[in-house]
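>>> Can you look at this prediction? I've put the sequence above it.
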Amino acid sequence: MTNTIILTSEEHGCAYSIDSEGTLFYTPMFTDNKVDLEDWNDVEMDEIEAMGEDIVREILDIQDQLITMSKALGTYYQK
């Protein structure tokens, strides 16, 4: 997966990115804050919702930030 915009969250221990349609992906951060750019996984919202409202809000905020940045770069294509 080729990602142009990445947001990191030390609190979550991972980095986030989206594809051109807004699907949210994550990859773990190593202890030196590096990430493996070839190891992206879909964020499963069902699993996130089980963690509580606060984490859902944080994840949706991250996704919204990535969409806003992608729109500014012209790499977001809403269906």
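Perfect, I can see it now. Numbers count the residues shown, from 1 in each chain.
>>> Okay, now the unreliable bits of this structure?
The chain contains residues with pLDDT under 70 at 1-3, 79.
>>> could you point out the longest helix in it?
helix 53-73 (DSSP state H).
>>> what's next to it, contact-wise?
Contact partners of helix 53-73, identified using C-beta atoms under 8 Å, 6 or more residues apart in numbering, comprise 4-5, 7, 9, 12, 16-18, 20, 22, 24, 43, 45, 48-49, 76. (Each C-beta comes from the backbone N, C-alpha and C, glycine too.)
>>> Same question for stretch 5-15.
16-18, 26-29, 33, 35, 58, 62, 65-66, 69-70, 73, 75.
>>> Find the residue at the geometric middle of this structure.
Residue closest to the average C-alpha location in the chain (C-alpha atoms, centre = their mean): Tyr16, at 2.6 Å.
>>> returning to that earlier point: derive a ChimeraX selection command for the buried subset of the contacts of stretch 5-15.
Remark: buried members of the contacts of stretch 5-15, expressed as a ChimeraX selection using 16 or more other C-beta atoms under 10 Å:
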select :16,17,18,26,27,29,35,62,66,69,70
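>>> Now do the strands in the protein.
According to DSSP state E, the chain carries its strands in the segments 7-9, 14-18, 24-28, 41-42.
>>> What strands flank the first one, and is each parallel or antiparallel?
For strand 7-9, the paired strands and their directions (DSSP bridges) are strand 14-18 (antiparallel).
>>> end-to-end on stretch 33-52?
From the first residue to the last, stretch 33-52 extends over 26 Å; the measure is C-alpha to C-alpha, to the nearest Å.
>>> Show residues contacting that stretch.
1, 3, 6, 8, 10, 14-17, 23-30, 55-56, 59, 63.
>>> Report the buried residues of it.
Under the neighbour-count rule (16+ other C-beta under 10 Å), stretch 33-52 has 35, 40, 43 buried.
>>> cool, stretch 19-27 as well?
For stretch 19-27, a neighbour-count test (16+ other C-beta under 10 Å) marks 19, 22, 24-27 as buried.
>>> do the same with stretch 4-17
Going by neighbour count (16+ other C-beta under 10 Å), the buried part of stretch 4-17 is 5-7, 14-17.
>>> And the buried residues of stretch 19-27, which two are furthest apart?
Greatest spacing in the buried residues of stretch 19-27, by C-beta to C-beta: Gly22 and Thr27 (17.3 Å).
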